[in-house]
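Student: Have a look at this prediction, sequence included:
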Amino acid sequence: MLNPIQIADHTPIHGPLLHADGSATFSLWAPAHVRILLEVQGHPARYAMAPSPIAGWHGITVPDLQAGARYAFVLPDGTRVPDPASHFQPEGVSGVSELIDPRSYRWRDQGWRGRPWASSVIYELHVGTVTAEGTFLGVVDRLDYLAALGVTAIELMPIAAFPGRRNWGYDGAFPYACAAAYGHPDDLKRLVDEAHARGLMVLLDVVYNHFGPEGNYLSLYAPQFFTETHRTPWGAAINFDGAESGPVREFYFQNAIRWVNEFHIDGLRLDAVHTIRDDSERHFLDELAARVYHAIPAGRVHLILENEENEASRLARRIGGAPVRYTAQWNDDVHHSLHAAATNEACGYYAEYHGDTHKLGRTLAEGFAFQGEVMRFRGSARGEASWFLPPEAFVAFIQNHDQVGNRARGERLGALAPHEAHRAVAAVYLLLPQIPMLFMGEEWNATQPFPFFCDYGGDLADAVRTGRYAEFAHLPEFQDAGSRQTIPDPLRLSTFESAVLRWEDCEKQGHREWLSWYRHILAVRRAAILPLLKCLTGGEACYLVRGPQAVTVQWLSVAGVLLRLNANLSNSVCGGFPVAEGREIWMEGHRDERGALQPWSVQWSLIRD
C-alpha cells in the first residue's frame, strides 16, 4: 500500500493514475474519516486504503489493473461513493467510476501550436443539441462546415458528467469526467484532434463555482470542501479560503491543467466567477491563472471569464499586449445594448440599456458600459474602468446560451427583432474589434429555440419545474398561473428535442441567404479587421452620439489606420454622420449623399493618414 502519488511540490494528485506497469494508484481526500476502502469490480475483496501523512488523504496502488476497470470508494458506514475526480462515469453520476488510460488515444496534432487570440471567431455550441447525434463525434461531422463559415474556435458548453441524459452542463457533478451521454473521453480527444487538423481551436466551458444538486457526495467524506462563511445562489460556497482549503483549490488547479495537457484544449471559459468567494491573500482566480501558465507555454492557452462584476483588472496586459492573467471576458454589455436596440425590450436588466445611446457607444468603444457606476437593476456599483484595454480583451455576441436560454421560452433573436434590426446589430458585432462569438445556428437564423432543459426525477424534478415557473412570475405576460403553464417544462423530453438543430434548414430559402451573409461578413472581418487588431492597443477609441441609438465609433491604430463605425440602430433617419472617406468595407442598409443613415443602417470604413 502506497500513499497518494504527489506532484513536485508534494501536493497529492486528485483522481486515479494508471501506470505503465499495469498498476493503478487511487487517491481520495476524505478528512472526515480515518478508514476508506477501495472496491474494484471483479475483485473478491475490498482494499484498505492507507492514511497519508498529509492530513485527510488516503491512497493505495493496486497491481494488475487495466483501463476499463470499474471502482468505487466505500465509507465506514458502507456507503459506496464514486471518485470525485473520476475520469468517466459510464453508469451515471451515482454509479461506479471507470479507470481511463490517458495514453490510449494516438494524437495527430503534434504540429499544432494554437492560434493567436486576436484571430478568434468563436462558435458556442451545446454538444447534446448541436446535432441529432448529440455526441462528440457528431460535432466532428460539422467541423468542415464551421471552418468554411469562417469560425476559428469552437466553444463547448460544459461537458462534465451530469445527472440523466440531457442537461445544459452547469449542473455537473464530476468536473474531471466527460458526460457519458456525449461519448467516451477518447471521443472528445478525437474531436479536438480533428478540430486542430482544420485550424480550429477548442475552448471548454468549466464550472468552478458550484456542483449540481444531484450526484455530488463530497459532503459525506469531505465536508470541508464547502463553507458556510460565504453563500452563493446555489447554497454554501466552495471552500476556497477557509481552513483546509488547500486540497479544494488544488482540485480545480489540477482540473484546469488536465483539460489543457491531456485533452489539448486550447482555452477555458470560467463560468460566473463573480460567485467564487475568496477572501484569502491570493485569490483563487489569480493562482489558477498562474498555475495554468506555469504548466503550459505562454500563448498556447487562453483563459476567458464570465464576470458580472466587470473587473477590468483581471484582464490587465503586460508590455507587448500579453495577458497577465486572463485573456478576455464575455461582454454582456455589448449584448444588452444591441439586444435592447433591436428588440425595444426594456424589462429587467434591459431597462438599464434601453434608449441609452451613451452606454451603446461606450461599450462598443471601451468594452464595458458600466465602469463603476451604480446599476439600478442590482442596486450597487458595477465594474471598473476598461477604456485602456485592447478590444480583444472582450468577447462580443448578440446571442449565447444564457441570453437565449434564460428567456422563458428560449426564443432566439430572430423571433424577437425585425429582420433589418437583427441584420444591423449582427453587422455591428461581427466587425467590431472585440472578439465575436456566434451561438450555434445563429448564422442561418435557426428557428429552433434553446430553452432550459434537464433530466431529474422525483422531488428534485418537481422542485426544478416549480422554480422555473416561479422565476418568470414577476413578468407581466406570466402574472397568472395559466400563462406560466405555457413555459416549456424543462423536464420533458420534448423541450430538449425542440432545441436540437435541424441542419437541413440552412439550405432552405431565407436561411440560405442568412448563411451566405454570415460567410461574407466573416470573410471581410478576416481580410480587413484581423490585420488591424494587432495594432489596436487600447485607449485609442472614442465615440460620439449622433442621435437616439445612433453613434459614430472610431479606433485609431498605432499604424495610423482609423477604423470607423457609423451606426443608426433606430427606426428613424439620422443625419450628422461624417462625410464618407477612406475605404468602405461594409454597408448594411443605406446612406444618402448628405451623410444621413436610413433606419437600421451600419457603415464600416478604414481611413488611412
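Tutor: Okay, I see it.
Student: Return the residues in contact with the residue nearest the centre of the chain.
Tutor: Of all residues in the chain, the one closest to the mean position by Cα atoms, centre = their mean is residue 205, 4.0 Å from it. Taking Cβ atoms under 8 Å, 6 or more residues apart in numbering as the contact definition, residue 205 lies against 155, 156, 157, 158, 169, 268, 269, 271. Every residue, glycine included, has its C-beta placed from N, CA and C.
Student: in this protein, which ranges drop under the pLDDT threshold?
Tutor: 1-10, 298 (pLDDT under 70).
Student: Measure how buried residue 467 is and give me the count.
Tutor: The tally of other residues near residue 467 (other Cβ atoms under 10 Å) stands at 10.
Student: meant to ask about residue 568, not that
Tutor: Here the number of neighbours of residue 568 (other Cβ under 10 Å) works out to 28.
Student: so what's the closest residue to it other than its chain neighbours up against?
Tutor: Among residues not flanking residue 568 along the chain, residue 597 sits closest, at 3.8 Å (Cβ to Cβ, 6 or more residues apart in numbering). The contact partners of residue 597, by Cβ under 8 Å, 6+ apart, come to 550, 566, 567, 568, 573, 574, 575, 577, 589, 590, 591, 603.
Student: Ok, residue 76 next?
Tutor: Residue 76 neighbours (Cβ under 8 Å, 6+ apart): 33, 35, 36.
Student: do that again at 6 Å, thanks
Tutor: Counting by Cβ atoms under 6 Å, 6 or more residues apart in numbering, residue 76 touches 33, 35.
Student: thinking again about what came up before, now intersect the contacts of residue 205 with the strands, please.
Tutor: Among these, the members found in strands (DSSP state E) are 155, 156, 268, 269.
Student: Tell me the one of the residues you listed nearest residue 497?
Tutor: Nearest to residue 497 among the ones in strands among the contacts of residue 205, counting by Cβ to Cβ, is residue 156 at 20.4 Å.
Student: What separation do you get for that closest one and residue 478?
Tutor: Remark: distance between residue 156 and residue 478 (Cβ to Cβ, to the nearest Å) = 32 Å.
Student: same thing with residue 227?
Tutor: Relative to residue 478, residue 227 is positioned 36 Å away (Cβ to Cβ).
Student: same question, residue 119
Tutor: Counting by Cβ to Cβ, the gap between residue 119 and residue 478 amounts to 43 Å.
Student: cool, residue 67 as well?
Tutor: Using Cβ to Cβ, one gets 50 Å for the distance from residue 67 to residue 478.
Student: For the two, indicate the residue with more neighbours.
Tutor: The residue with more neighbours, out of residue 67 and residue 478, is residue 478; 19 against 16, by other Cβ under 10 Å.
Student: Wait, the more buried one touches residue 470, no?
Tutor: No - assessed by Cβ atoms under 6 Å, residue 478 is found out of contact with residue 470, at 9.7 Å.
Student: Does the closest residue to residue 17 other than its chain neighbours belong to a helix, a strand or coil?
Tutor: Once flanking residues are discounted, residue 17 sits nearest to residue 25: 4.6 Å by Cβ to Cβ, 6+ apart. Three-state assignment for residue 25 (DSSP: H, G, I helix; E, B strand; the rest coil): strand.
Student: burial measure for residue 25, as a count.
Tutor: Number of residues near residue 25 (other Cβ under 10 Å) recorded here: 19.
Student: which residues does it bridge with?
Tutor: Per DSSP bridges, residues listed as beta-bridge partners of residue 25: residue 17, residue 61.
Student: Surely it touches residue 61?
Tutor: Yes - Residue 25 is within contact range of residue 61, at 4.5 Å (criterion: Cβ under 6 Å).
Student: and residue 211, what does it touch?
Tutor: residue 173.
Student: Does it belong to a helix, a strand or coil?
Tutor: coil.
Student: Over to it: give its phi and psi.
Tutor: Torsion angles at residue 211 (phi, psi; degrees, to the nearest 10) stand at phi -110, psi 160.
Student: Would you state the strands of the stretch 501-609 of the chain in chain order?
Tutor: Taking DSSP state E, counting those that start in this stretch, the strands of the stretch 501-609 of the chain run over residues 541-547, 550-556, 561-568, 583-588, 601-608.
Student: tell me the most buried of those strands?
Tutor: Mean neighbours per residue, mean count of other Cβ atoms under 10 Å, is largest over the strands of the stretch 501-609 of the chain for strand 561-568, with a mean of 24.
Student: and that one, what other elements does it pack with?
Tutor: Under the contact definition 3 or more Cβ pairs under 6 Å, 6 or more residues apart in numbering; DSSP states H and E, strand 561-568 sits against strand 550-556, strand 601-608.
Student: cutoff 10 Å now
Tutor: The contact analysis (3 or more Cβ pairs under 10 Å, 6 or more residues apart in numbering; DSSP states H and E) places strand 561-568 against helix 357-366, helix 419-431, helix 530-533, strand 541-547, strand 550-556, strand 583-588, strand 601-608.
Student: in stretch 72-84, what counts as buried?
Tutor: For stretch 72-84, burial by neighbour count (16 or more other Cβ atoms under 10 Å) applies to 72, 73, 74, 75, 81, 82, 83, 84.
Student: returning to that earlier point: between residue 478 and residue 470, what contacts are shared?
Tutor: Common contacts of residue 478 and residue 470 (Cβ atoms under 10 Å, 6 or more residues apart in numbering): residue 484.
Student: chain center to stretch 244-255, what's the gap?
Tutor: Relative to the centre of its chain, stretch 244-255 is centred 21 Å away, using Cα atoms, centre = their mean, to the nearest Å.
Student: Stretch 574-583 too?
Tutor: When distances are taken as Cα atoms, centre = their mean, stretch 574-583 is centred 38 Å away from the chain's centroid.
Student: May I see the contacts of residue 205 organised as JSON lines, with distance to residue 48 and neighbour count added?
Tutor: Supplementary listing: those in JSON lines, determined by distance: Cβ to Cβ, whole Å; neighbours: other Cβ atoms under 10 Å:
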{"residue": "155", "distance to residue 48": "44", "neighbour count": "27"}
{"residue": "156", "distance to residue 48": "39", "neighbour count": "24"}
{"residue": "157", "distance to residue 48": "40", "neighbour count": "23"}
{"residue": "158", "distance to residue 48": "35", "neighbour count": "23"}
{"residue": "169", "distance to residue 48": "36", "neighbour count": "23"}
{"residue": "268", "distance to residue 48": "37", "neighbour count": "24"}
{"residue": "269", "distance to residue 48": "41", "neighbour count": "26"}
{"residue": "271", "distance to residue 48": "38", "neighbour count": "22"}
